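Undergrad: Using only what follows, build the 3D model:
(one chain, ligands or ions: 2)
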Amino acid sequence: MTNPEKTTGSNFIRNIINEDNKSGKYSGKVHTRFPPEPNGYLHVGHAKSICLNFGLAMEYKGKCNLRFDDTNPVAEDPEFVASIKADVKWLGFEWDERLFSASDYFEKFYECAELLVRKGKAYVDSQSAEQIRVNRGTLTEPGKNSPYRERSVDENLKILREMREGKYEDGAHILRAKIDMTSPNINMRDPAIYRIRRAEHHATGTKWCIYPMYDFAHCISDAIEGITHSICTLEFEDHRPLYDWFLIECEFKAPRPQQIEFARLDLSYTVTSKRKLKELVSEGIVRSWDDPRMPTISGMRRRGYRPSALRDFCERIGVAKAANTVDMGLLEFCVREDLERSALRVLGVLQPIKVVIEDYPSDRIEYIDAPFHPQDPSLGSRKLPFSRELYIETDDFMENPPKGYFRLVPGGEVRLRYGYIIKCREVIKDDLGNIVELRCTHDPDTLGKNPSDGRKVKGIIHWVASSQAISAEVRLYDRLFSVAAPGGVKDGDYKDHINPESLKILGHAKLEPSLADAKPEQRFQFERLGYFCLDPDSKPSGLVFNRTVTLRDSWVKEHKS
Ligand code: ATP
Ligand code: MG
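TA: Ligands and ions are numbered 1, 2, ... in the order given. Now for the predicted structure:
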């Protein structure tokens, strides 16, 4: 298969690092971090950020920290912490001993805040939240100074300490940076540093009742950890002057970390907003965070995507400044290409119909040697049993076929993959007229002889011998949304555009016996049907397979011309 895209997308951040290495800014050091907030499961957008941060560190023989950005005690949960660690590991990255949390630095943040107060660079504001909002101004109008802006250093220090000690109600005061209420950049209009919030923190418990704001905590965390390139998404571009201001005013020495923004990943036919993903789970629209239709890393993993496919996808899309939406088809292409190389080929019938080979002895079973991969003998082979009674796909027989239908028809012949040519002699129906069985004969000289038997039979279909078939449930997935941009729909809610066909459960599939030994992380190609993997719901008494992706690749066709 030819690649429709060059394998490596461009990445402007490499140019910045190369420049820094040339100028000696960080003495050739590259130290990045991936800073998730533990308030949800990671999704495909985070995968891009993980591959970028850990990937650059590997490429430049540097380091990448995993840091939990846990400054907001309300939304955070140890379940999310555990899932995030598992997801980063599964993607193939290691933080070694460098697992940190912003909450490790709570004391240091507070010291920095006192330093700012002592320097006259921060003050306690006692306006109500509403007054603060009104006085912040707008994009076109400057803000107004708070009446508390000129409090003395001593008074500010005293109230700040009392805030920490828990003397005040939530919302009674906030600590703000003293920058410029008339700045054209709203982020610089005396942004908040600390707010009072009586909430139990998953790591520090009830030790603190004041919590630092993201903009304050993030840059200081970066500086403490010796981060060189602090990579974040584009919506923080206007926060960069504040990032630099805090580090300078808190007296971190050069070379200080630099913030670099890139365009977030948006993927068509799905949503990558944690809030929306959370809603899909809590409202029961999907079964769980790792539902195979979810764009979460755990969902994609359960669906059967391999980490190598996701890393390849993240490399191909590249890293740019300009926002754009990536076609879901490209992700599916990467998944197919990865599985094409690695998945074992097997036979399974999803919607079975019974076939009886009348001229095949009922006490006979033949074992046909069939390779697991047509191009890769190292993947081995298995013995496929062939017997008088088989299953074929309901769709592979038509009583009144249209022109150009090359599968089984009354009186017609078809080849069974690896097996014999069979001919349909009779169609058996129940009282309601439903086809329940096909009576066929076989040509004994054709076993495994395609094409050496010289017979011109166009159709080749898959099958499973009924005597040793394994019954299984098969779950077929399609895109979760039926419109390309569910997040940006004008009329109505993104939830109005859920694809009603996104999950189809087939309860009576019949699979070849080798699949009884399927392992959780193994991937299979069910010939002619797509790629499949075992679902964690599977039990020895009831196997459950997920279809990862179909074989059809519309993305390549559409992008070739
Ligand atoms: P929240 O609204 O909860 O902050 P978030 O998506 O920003 O949501 P974080 O946990 O803060 O979630 O994200 C961790 C890192 O992943 C950040 O550095 C962020 O820039 C990056 N990231 C998040 N979403 C995307 C995306 N769609 N594409 C690329 N990077 C992303
Ligand atoms: Mg964030």
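Undergrad: For the closest residue to His373 other than its chain neighbours, give me its contacts.
TA: Distances taken as CB to CB, 6 or more residues apart in numbering place Leu379 nearest to His373, at 4.2 Å, with adjacent residues excluded. All C-beta spots, glycine's among them, are computed from the backbone N, C-alpha and C. By CB atoms under 8 Å, 6 or more residues apart in numbering, the contact set of Leu379 is 344, 371-373.
Undergrad: three-state assignment of the residue sitting furthest away from the middle of the chain?
TA: When each C-alpha in the chain is compared with the mean C-alpha position (CA atoms, centre = their mean), Asp359 comes out farthest, at 51.7 Å. Secondary structure, DSSP: H, G, I helix; E, B strand; the rest coil: Asp359 is coil.
Undergrad: so it makes contact with His442?
TA: Yes: taking CB atoms under 8 Å as the definition, Asp359 is a contact partner of His442 at 6.4 Å.
Undergrad: I'd assumed Phe80 was in a helix, is it?
TA: Yes: judged by three-state DSSP, Phe80 forms part of a helix.
Undergrad: Secondary structure element for the residue in the chain that ligand 1 sits nearest to, which one?
TA: Residue of the chain nearest ligand 1, by CB to the nearest ligand atom: Gly45 (2.2 Å). Element membership for Gly45 (DSSP states H and E) is helix 44-59.
Undergrad: how far does that helix sit from the chain's center?
TA: 13 Å (CA atoms, centre = their mean, to the nearest Å).
Undergrad: so which strand or helix has Pro241?
TA: Using DSSP H and E, Pro241 falls in helix 240-249.
Undergrad: Distance check, the closest residue to Ser146 other than its chain neighbours against Ser152.
TA: Once flanking residues are discounted, Ser146 sits nearest to Asp125: 4.9 Å by CB to CB, 6+ apart. For Asp125, the distance to Ser152 (CB to CB, to the nearest Å) stands at 14 Å.
Undergrad: what does the protein put close to ligand 1?
TA: 35-37, 39, 45-46, 48-49, 69, 232-233, 264-265, 272, 274 (CB under 6 Å from any ligand atom).
Undergrad: Would you double-check that Glu521 falls in a helix?
TA: No: counting by three-state DSSP, Glu521 falls outside a helix, being coil.
Undergrad: Retrieve the pLDDT associated with it.
TA: Looking at Glu521, its pLDDT is 84.
Undergrad: For it, which non-adjacent residue is closest in space?
TA: Counting by CB to CB, 6+ apart, the residue nearest Glu521 is Cys533, at 7.6 Å.
Undergrad: For burial, what's the neighbour tally of Val409?
TA: Val409 has 17 neighbours, counted by other CB atoms under 10 Å.
Undergrad: Which residues are in contact with it?
TA: Counted by CB under 8 Å, 6+ apart, Val409 has contacts 397-399, 401, 424.
Undergrad: if we can go back for a sec, farthest-apart pair in the contacts of Leu379, please.
TA: Farthest apart among the contacts of Leu379 by CB to CB are Leu344 and Pro371. That separation is 9.5 Å.
Undergrad: Specify which residue of these two has the higher count of neighbours.
TA: Counted by other CB under 10 Å, Leu344 and Pro371 do not tie: Leu344 has more neighbours, with 18 against 15.
Undergrad: Please tell me the pLDDT value assigned to Asp376.
TA: Reported pLDDT for Asp376: 94.
Undergrad: Which phi and psi values does it adopt?
TA: Dihedral pair for Asp376: phi -130, psi 90, per degrees, to the nearest 10.
Undergrad: how much space between it and Ala343?
TA: 10 Å.
Undergrad: more crowded one of those two?
TA: Set Asp376 next to Ala343 and count neighbours by other CB under 10 Å: Ala343 wins out with 24 against 13.
Undergrad: contacting residues for the more buried one?
TA: So Ala343 contacts 373, 523-525, 531 (CB under 8 Å, 6+ apart).
Undergrad: what's in contact with the helix holding Gly45?
TA: Here helix 44-59 has contacts from 11, 13-14, 17, 30-34, 36, 42, 62-64, 87-88, 91, 93, 229, 231, 233, 262, 264-267, 270, 272, 295-297, 300, 310-311, 314-315, 317, 319, 331, using CB under 8 Å, 6+ apart.
Undergrad: hmm, which helix or strand of this protein has the shakiest average pLDDT?
TA: helix 554-560 (a mean of 56; mean pLDDT, DSSP states H and E).
Undergrad: Now do the helices in the stretch 301-450 of the chain.
TA: Using DSSP state H, counting those that start in this stretch, the helices found in the stretch 301-450 of the chain span residues 307-317, 328-342.
Undergrad: just the CA coordinates of the longest one, formatted as CSV?
TA: Below are the C-alpha coordinates for helix 328-342, written out as CSV (Å, rounded to 0.1, in the frame of the first residue of the first chain):
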residue,chain,number,x,y,z
MET,A,328,-10.7,10.9,11.1
GLY,A,329,-10.0,8.9,8.0
LEU,A,330,-6.3,9.6,8.4
LEU,A,331,-6.3,8.0,11.9
GLU,A,332,-8.2,5.0,10.6
PHE,A,333,-5.7,4.7,7.7
CYS,A,334,-2.8,4.6,10.2
VAL,A,335,-4.6,2.0,12.2
ARG,A,336,-5.3,-0.2,9.2
GLU,A,337,-1.7,0.2,7.9
ASP,A,338,-0.3,-0.8,11.3
LEU,A,339,-2.7,-3.8,11.6
GLU,A,340,-2.1,-4.9,8.0
ARG,A,341,1.5,-5.6,8.9
SER,A,342,0.9,-7.3,12.2
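Undergrad: Check which helices and strands that helix sits against.
TA: helix 307-317, strand 523-526, strand 530-534, strand 543-549, helix 554-560 (3 or more CB pairs under 8 Å, 6 or more residues apart in numbering; DSSP states H and E).
Undergrad: Leu529 - nearest residue in space that isn't next to it in sequence?
TA: Nearest to Leu529 is Leu350, by CB to CB, 6+ apart, at 6.4 Å.
Undergrad: Leu339 and Arg306 touch, don't they?
TA: Yes: counting by CB under 8 Å, Leu339 does reach Arg306; the two are 7.3 Å apart.
Undergrad: Name the residues contacting each of the two.
TA: By CB under 8 Å, 6+ apart, the residues touching both Leu339 and Arg306 are Arg523.
Undergrad: what about Tyr123, which helix or strand?
TA: Going by DSSP H and E, Tyr123 is part of strand 122-125.
Undergrad: Give me the helices and strands touching that strand, please.
TA: helix 106-118, helix 153-165, strand 174-177.
Undergrad: now the end-to-end length of stretch 221-239.
TA: Separation of the first and last residues of stretch 221-239 by CA to CA, to the nearest Å is 16 Å.
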